[in-house]
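Student: sharing a model prediction with you, sequence too.
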Amino acid sequence: MAGPDEERVALLETTAEAVRSCTLCRLHSGRIHAVPGEGPLDANVFLIGEAPGREEDATGAPFVGSAGKILDKALAAARILRSSVFITNVVKCRPPANRGPRSDEIESCRPYLVTQIAAVRPKVVVTLGSTALRTLLGTGIELKDARGKTLGFGDVPVLPTYHPAAVLYNRRLEPTLRNDLRKAAKLGAAKRARIRSGPPRKGKPTQATASSGAAVVGPGDRILLLRRADEDIWCLPKGTVEPGESLEETAVREVREETGLRVRLLQPLHKVRYSFFWPPGGVNYDKTVAYFLAEPIGGRLEPEPGFDEARWVTREEAMRLLHWKNDKEVVARAFEAIRSPRR
Ligand code: URA
């Protein structure tokens, strides 16, 4: 008898076969290849686009044209290995002249998508653009209202974000697409690309990037550390500043997302600045991270997927566990601040 994994593999394969021979709507008549989608059975992150374009139709693979290049860059920036995610579309055949898919075409194709999600059982679904969002969660939903929220399809979290093709027309959307994929990586604890940053390289463009985080001090003057599951590294909660956010807002949001705790910021602690070359983007990053001293005011300690442990530690333990020298400096300043009477 087939085990549950074999059954899921079989379900994915029979769905792909059914897609390749599908004649349920008019789109089949113009296709070179149907594009069922691709990715491993154990993908934690499941991406849904709109429809195959010319290159996808020619090759049978999703997101291999110009929108695919934008998607690849965004995945690399979020440190997600493309080969670790499942990528598919709302409709599996190319609409003529790249028009948007019609509602009867979407209806005919939707069962394939739902079956793929059921077979893969991802930890998070990312809808790219409003067609994917509305196909999954209903036609009344506007991308502008839903983006930035975590919605649900059954018990699977859904992150709505922009379609990579929208980024082609409006480059200002690119940081948001990347940030949303970073969030997906955290939610899905997707396999991270083991890409090594290196020392800044001469002649490469430099891009400024800002993050913000906190040294959270709890009962008994202990500081909260997180261990990243993928790299086995202890660190402080922190993350990228989203467009329109203040450093303070980012620190509070990142602590809540990564640890489950709501915190109040007590004072700024330290600003760390460093530069490195990032091979996937081909750029030098000039990164600033602002750290605040904070105390918990609610929530429940529950590290986000992507972290396998959260621990309240003494100064000595923090110095022993922390990986980055910069983090140790932040913790040293946090303990100085705790000891000073002006808190
Ligand atoms: N746009 C999509 O929505 N899907 C693809 O596969 C390629 C471009």
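Tutor: Right, received. Where do you want to start? Numbers count the residues shown, from 1 in each chain.
Student: from now on I want contacts and neighbour counts done on CA atoms only, so please keep to that.
Tutor: Fine.
Student: can you give me the helices for this protein?
Tutor: Along the chain, the segments classed as helices by DSSP state H run 4-20, 54-59, 66-77, 103-120, 130-137, 143-146, 164-169, 174-188, 247-259, 315-321, 325-339.
Student: adding mean neighbour count, mean pLDDT and distance to the ligand, write those out as a markdown table.
Tutor: Supplementary listing: the helices of the chain in a markdown table, determined by neighbours: other CA atoms under 10 Å; pLDDT from 0 to 100; distance: least, CA to the nearest ligand atom, whole Å:
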| stretch | mean neighbour count | mean pLDDT | distance to the ligand |
| --- | --- | --- | --- |
| helix 4-20 | 16 | 90 | 15 |
| helix 54-59 | 18 | 97 | 6 |
| helix 66-77 | 20 | 94 | 5 |
| helix 103-120 | 17 | 96 | 13 |
| helix 130-137 | 22 | 96 | 9 |
| helix 143-146 | 14 | 95 | 15 |
| helix 164-169 | 17 | 95 | 7 |
| helix 174-188 | 22 | 93 | 14 |
| helix 247-259 | 22 | 95 | 29 |
| helix 315-321 | 15 | 97 | 43 |
| helix 325-339 | 17 | 95 | 41 |
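Student: closest to residue 214 out of those?
Tutor: The closest of the helices of the chain to residue 214 is helix 247-259. By CA to CA, the value is 6.0 Å.
Student: closest to residue 26 out of the helices of the chain?
Tutor: Residue 26 sits nearest to helix 103-120 of all the helices of the chain, at 7.6 Å, using CA to CA.
Student: from the contact counts, what lies against the closest one?
Tutor: With contacts defined as 3 or more CA pairs under 8 Å, 6 or more residues apart in numbering; DSSP states H and E, helix 103-120 has these neighbours: helix 4-20.
Student: who are the packing partners of the helix it packs on?
Tutor: Identification of packing neighbours for helix 4-20 by 3+ CA pairs under 8 Å, 6+ apart yields helix 103-120.
Student: just want the angle from the helix it packs on to helix 130-137.
Tutor: Helix 103-120 and helix 130-137 meet at an angle of 70 degrees, taking axes from the mean of the first three to the mean of the last three CA atoms, to 10 degrees as the criterion.
Student: who touches helix 103-120?
Tutor: Applying CA atoms under 8 Å, 6 or more residues apart in numbering, the set of residues contacting helix 103-120 from outside is 8-9, 11-12, 15, 19, 24-27, 40-43, 46, 88-92, 135.
Student: from the chain's centroid, how far away is it?
Tutor: Computed by CA atoms, centre = their mean, to the nearest Å, the chain-centroid distance of helix 103-120 equals 23 Å.
Student: got it, and stretch 278-289?
Tutor: Centroid displacement of stretch 278-289 relative to its chain, using CA atoms, centre = their mean, is 18 Å.
Student: enumerate the positions of that stretch that are buried.
Tutor: Applying a neighbour-count criterion of 16 or more other CA atoms under 10 Å, one finds 278, 280, 283, 284, 285, 286, 288, 289 buried in stretch 278-289.
Student: so which of the helices of the chain is nearest residue 213?
Tutor: Between residue 213 and those, the shortest gap by CA to CA is with helix 247-259, which sits at 4.3 Å.
Student: can I get the closest one in CSV, CA atoms only?
Tutor: Extracted in CSV, the C-alpha atoms of helix 247-259 (Å, rounded to 0.1, in the frame of the first residue of the first chain):
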residue,chain,number,x,y,z
LEU,A,247,13.0,52.6,13.1
GLU,A,248,11.0,52.3,16.3
GLU,A,249,8.0,50.8,14.5
THR,A,250,10.2,48.3,12.8
ALA,A,251,11.8,47.2,16.1
VAL,A,252,8.5,46.7,17.8
ARG,A,253,7.0,44.8,14.8
GLU,A,254,10.1,42.6,14.3
VAL,A,255,10.2,41.6,18.0
ARG,A,256,6.5,40.7,17.8
GLU,A,257,6.8,38.7,14.6
GLU,A,258,10.0,36.9,15.6
THR,A,259,9.3,36.2,19.3
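Student: show me what it is packed against.
Tutor: Under the contact definition 3+ CA pairs under 8 Å, 6+ apart, helix 247-259 sits against strand 206-218, strand 238-240, strand 261-278, strand 283-299.
Student: can you put these in a markdown table and add mean pLDDT and distance to residue 125?
Tutor: As requested, the helices and strands packed on helix 247-259 are arranged in a markdown table below (pLDDT from 0 to 100; distance: least, CA to CA, whole Å):
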| stretch | mean pLDDT | distance to residue 125 |
| --- | --- | --- |
| strand 206-218 | 94 | 25 |
| strand 238-240 | 91 | 21 |
| strand 261-278 | 94 | 24 |
| strand 283-299 | 95 | 25 |
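Student: adding distance to the ligand, write the ones you listed out as JSON lines.
Tutor: Formatted as JSON lines, these follow (distance: least, CA to the nearest ligand atom, whole Å):
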{"stretch": "strand 206-218", "distance to the ligand": "27"}
{"stretch": "strand 238-240", "distance to the ligand": "27"}
{"stretch": "strand 261-278", "distance to the ligand": "26"}
{"stretch": "strand 283-299", "distance to the ligand": "26"}
